[in-house]
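Q: sequence and computational prediction follow.
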Amino acid sequence: MSENKTSRRDFVKTAAIAAAGFMIVPRHVLGGKGFLAPSDKLYIAGIGVGGKGQSDLTSFMKGGKANISMLCDVDDRRAAASRKNFPKAKYYQDWRELFEKESKNFDAVSIATPDHNHAVITMAAMQMGKHVYVQKPLTHDIYEARMLTEGAKKYRVVTQMGNQGASGDGVRQLREWYNNGVIGDVHTVYCWTDRPVWPQGIPWPAKKAEIPAGLNWDLWLGTAPEKDYIDKLVPFNWRGWWDYGTGALGDMACHLVEAPFRVLGLNYPTQVEASVGSVYVDEFKRGYFPESCPPSSHAIMTFESKTAGGKPIKLHWMDGGIQPERPEELGPNERMGDGGNGVIFIGTKGKMMCSTYGRDPKLLPLSRTNEVKFKGSIPLVPGGEDGHYTEWVEAAIAGYGKKELSSDFSIAGPLTETVLMGNLAIRGFDIRKANSGNGFSYPGRYIQLLWDGPNMKVTNFDDANQFVKREYRKGWSLGV
């Protein structure tokens, strides 16, 4: 946004004043066109309505209590399908204009933009008293996640992150097994993914590309540094660049780490260490591309155990095709996880595993799965993963604090911070290589960060703290 346009803070102030009557007076008292009693329907504005945003809007409608009243996307091409699906919804390219002009015509916001713009849109919506559903990862950096977690309480809005596995039956099966002592005290967890399935570990292209027709590039950049458009960045390959995405870990860990985070009752890690893969650009020369996420990584997060006298819990994250050793209880032809993705819990009395989203929970050896029946001691979410959407809609209609959700910001915020803590170590590894002088003095060497979770600070390697809270492009602010 250029300097002569409304600043992020001024926009929120103006929009809040415009919406003040709505925030103070109950919606059903106002009456008039479009204002139904809270028990009827939830009017939703979709921000980022192509791809996953499109499927999210469709999923909200399944319970019959949602109405998609507004659509917004910086890319007219990506918005085309949603505009066809919801022809009565008013369409905008700029979410700030939508918020300012239509504040009385929607109750809630679904946000499915690239990672780097999640926080500013979400915070603005919450400050207007709007309920929010935000795709994973909740934010691009740790500071943003903490601010949104606190903002949800301050503004008393109903929140949910888009990691639908949190509402699935699988994670509840795992929790019941663990709570009943079936595998004893867990001390080690392995999470792995076959992502990235987009380019990583590459240099930023020297050649700029023509901005596609229908894409508002300045709005797409939002909080990110101003740069020329490059070929194929939109709609998917942005995930591999640190300015916009959070790599394979940011894309998949909210689906994979969520299960151990919930089952074991984890909080902030106390330390994290990482090693990363690299690409050779010439004979005996490794590439150093700090703008790009690495092609593969292995991060190890350490958590304090909540069991009496328990040892610290080590959670291993692996991406780029790296996988853990097959458990000896698993037969050579038996699938580990879902093949490309999975989670293994190792306890003092046994092991259990699942695939992405906590699906397909199993005890090891697999024959134990049928021997230990699921008793249903932990209530299921009606509809499972589909219910992740409808429970948010129904909770928003009921009002703040009336219904429990599977991944509201009190849960999703700390989970996202944990995920992004892994990226601190991954990026810190690159910093250490750069600081070595030639970038390659310590190939394969780990970097270990000690983490003060409550204060959001690395205590032993200050250079890594630059990634806890990033600098926004001039003219943009989180508004806190």
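A: Structure received.
Q: okay, now the unreliable bits of this structure?
A: For the chain, the stretches with pLDDT under 70 are 1-39, 308-309, 430-446.
Q: okay, and Ile346 sits in which element?
A: Here Ile346 sits within strand 342-347, counting by DSSP states H and E.
Q: do the same with Thr390
A: Going by DSSP H and E, Thr390 is part of helix 387-398.
Q: okay, buried residues for that helix please.
A: Residues of helix 387-398 classed as buried under the neighbour-count rule (16 or more other Cβ atoms under 10 Å) are Gly387, His388, Tyr389, Thr390, Glu391, Trp392, Val393, Glu394, Ala395, Ala396, Ile397. Where C-beta positions appear, they are placed from N, C-alpha and C, glycine not excepted.
Q: same check on stretch 206-226?
A: Quick answer for stretch 206-226 (16+ other Cβ under 10 Å): Leu215, Trp217, Leu219, Trp220, Leu221, Gly222, Thr223, Ala224.
Q: the fourth one is in contact with Asp73, isn't it?
A: No - counting by Cβ atoms under 8 Å, Trp220 sits too far from Asp73 to count as a contact (9.6 Å).
Q: how much space between Asn455 and Val182?
A: Per Cβ to Cβ, to the nearest Å, Asn455 is found 37 Å from Val182.
Q: no no, Phe86
A: 46 Å.
Q: where does the closest residue in space to Gly376 that isn't next to it in sequence land in three-state SS?
A: In space, and not counting its chain neighbours, Gly376 is closest to Glu176: 7.9 Å by Cβ to Cβ, 6 or more residues apart in numbering. Classification of Glu176 using DSSP: H, G, I helix; E, B strand; the rest coil returns helix.
Q: might you report the residue contacts of Glu176?
A: Taking Cβ atoms under 8 Å, 6 or more residues apart in numbering as the contact definition, Glu176 lies against Phe374, Lys375, Gly376, Ser377, Ile378.
Q: now swap in Phe289 and tell me
A: Contact partners of Phe289, counting by Cβ under 8 Å, 6+ apart, are Gly201, Ile202, Pro203, Trp204, Val279.
Q: go again with 6 Å.
A: Pro203 (Cβ atoms under 6 Å, 6 or more residues apart in numbering).
Q: now do stretch 340-354: distance from first to last residue.
A: End-to-end span of stretch 340-354 (Cα to Cα, to the nearest Å): 12 Å.
Q: check what contacts that stretch and list those residues.
A: Stretch 340-354 is contacted from outside by 170, 177, 183-186, 188-191, 193-194, 256, 259, 327, 336, 355-356, 360-364, using Cβ under 6 Å, 6+ apart.
Q: in helices, which of the residues you listed fall?
A: Taking DSSP state H, the ones among these that sit in helices are Gly170, Trp177, Leu256, Ala259.
Q: of those, which is the nearest to Leu424?
A: Using Cβ to Cβ, Leu256 comes nearest to Leu424 of these, at 18.3 Å.
Q: tell me how far the closest one lies from Cys293.
A: Counting by Cβ to Cβ, the gap from Leu256 to Cys293 is 17 Å.
Q: so who does Leu363 touch?
A: Going by Cβ under 6 Å, 6+ apart, Leu363 touches Met352, Thr369.
Q: returning to what we had before: now, the contacts of stretch 340-354 that are in strands?
A: Of these, the ones assigned to strands by DSSP state E are Val186, Thr188, Val189, Tyr190, Cys191, Lys362, Leu363, Leu364.
Q: can you list these in CSV and add distance to Leu42?
A: As requested, the ones in strands among the contacts of stretch 340-354 are exported to CSV (distance: Cβ to Cβ, whole Å):
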residue, distance to Leu42
Val186, 38
Thr188, 42
Val189, 36
Tyr190, 39
Cys191, 34
Lys362, 37
Leu363, 40
Leu364, 42
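Q: buried subset of the residues you listed?
A: Neighbour-count burial (16+ other Cβ under 10 Å) applied to the ones in strands among the contacts of stretch 340-354 gives Val186, Thr188, Val189, Tyr190, Cys191, Lys362, Leu363, Leu364.
Q: residue boundaries of the strands in the stretch 351-480 of the chain?
A: Assigned strands in the stretch 351-480 of the chain, in chain order: 351-354, 362-364, 447-452, 457-458 (criterion: DSSP state E, counting those that start in this stretch).
Q: any idea which helix or strand comes after the host helix or strand of Tyr143?
A: Following DSSP H and E, one finds Tyr143 within helix 142-155. As assigned by DSSP H and E, the chain's next helix or strand after helix 142-155 is strand 159-161.
Q: any idea how far Lys208 lies from Glu144?
A: 28 Å.
Q: please, where are all the strands along the stretch 151-300 of the chain?
A: Along the stretch 151-300 of the chain, counting by DSSP E, counting those that start in this stretch, strands occupy 159-161, 186-192, 271-276, 280-282, 285-286, 297-303.
Q: so of the ones you listed, which one's packed in deepest?
A: Across the strands of the stretch 151-300 of the chain, averaging neighbours per residue (mean count of other Cβ atoms under 10 Å) puts strand 159-161 on top, at a mean of 30.
Q: so what does that strand touch, helix or strand wise?
A: With contacts taken as 3 or more Cβ pairs under 6 Å, 6 or more residues apart in numbering; DSSP states H and E, strand 159-161 sits against strand 131-134.
Q: 10 Å instead?
A: For strand 159-161, the packing partners by 3 or more Cβ pairs under 10 Å, 6 or more residues apart in numbering; DSSP states H and E come out as strand 108-111, helix 118-127, strand 131-134, helix 142-155, helix 387-398, helix 409-435.
Q: what pairs with it, parallel or antiparallel?
A: Strand 159-161 has the following strand partners under DSSP bridges: strand 131-134 (parallel).
Q: wait, Leu424 sits on Phe461?
A: Yes - Leu424 is in contact with Phe461 according to Cβ atoms under 10 Å; the separation is 9.1 Å.
Q: residues in contact with Ala108?
A: Residues in contact with Ala108 (Cβ atoms under 10 Å, 6 or more residues apart in numbering) are 42-46, 60, 66, 69, 125, 130-133, 157-160, 392-393, 396-397.
Q: coming back round to it: columns neighbour count and distance to Ser55 on top of the ones in helices among the contacts of stretch 340-354, output as JSON lines?
A: Below are those laid out as JSON lines (neighbours: other Cβ atoms under 10 Å; distance: Cβ to Cβ, whole Å):
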{"residue": "Gly170", "neighbour count": "20", "distance to Ser55": "20"}
{"residue": "Trp177", "neighbour count": "23", "distance to Ser55": "31"}
{"residue": "Leu256", "neighbour count": "30", "distance to Ser55": "20"}
{"residue": "Ala259", "neighbour count": "29", "distance to Ser55": "22"}
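Q: may I see the residues you listed organised as CSV, with distance to Arg470 added?
A: CSV is the format used below for the ones in helices among the contacts of stretch 340-354 (distance: Cβ to Cβ, whole Å):
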residue, distance to Arg470
Gly170, 34
Trp177, 40
Leu256, 24
Ala259, 28
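Q: for these, which one is nearest Leu98?
A: Within the ones in helices among the contacts of stretch 340-354, proximity to Leu98 (Cβ to Cβ) peaks at Leu256, which comes in at 33.6 Å.
Q: do you know how far the nearest residue to the closest one once chain neighbours are set aside is from Cys254?
A: In space, and not counting its chain neighbours, Leu256 is closest to Cys191: 4.4 Å by Cβ to Cβ, 6+ apart. With distances taken as Cβ to Cβ, Cys191 is found 11 Å from Cys254.
Q: hmm, back to that, more crowded one of Phe86 and Val182?
A: Ranked by neighbour count (other Cβ atoms under 10 Å), Phe86 and Val182 place Phe86 first, with 22 against 17.
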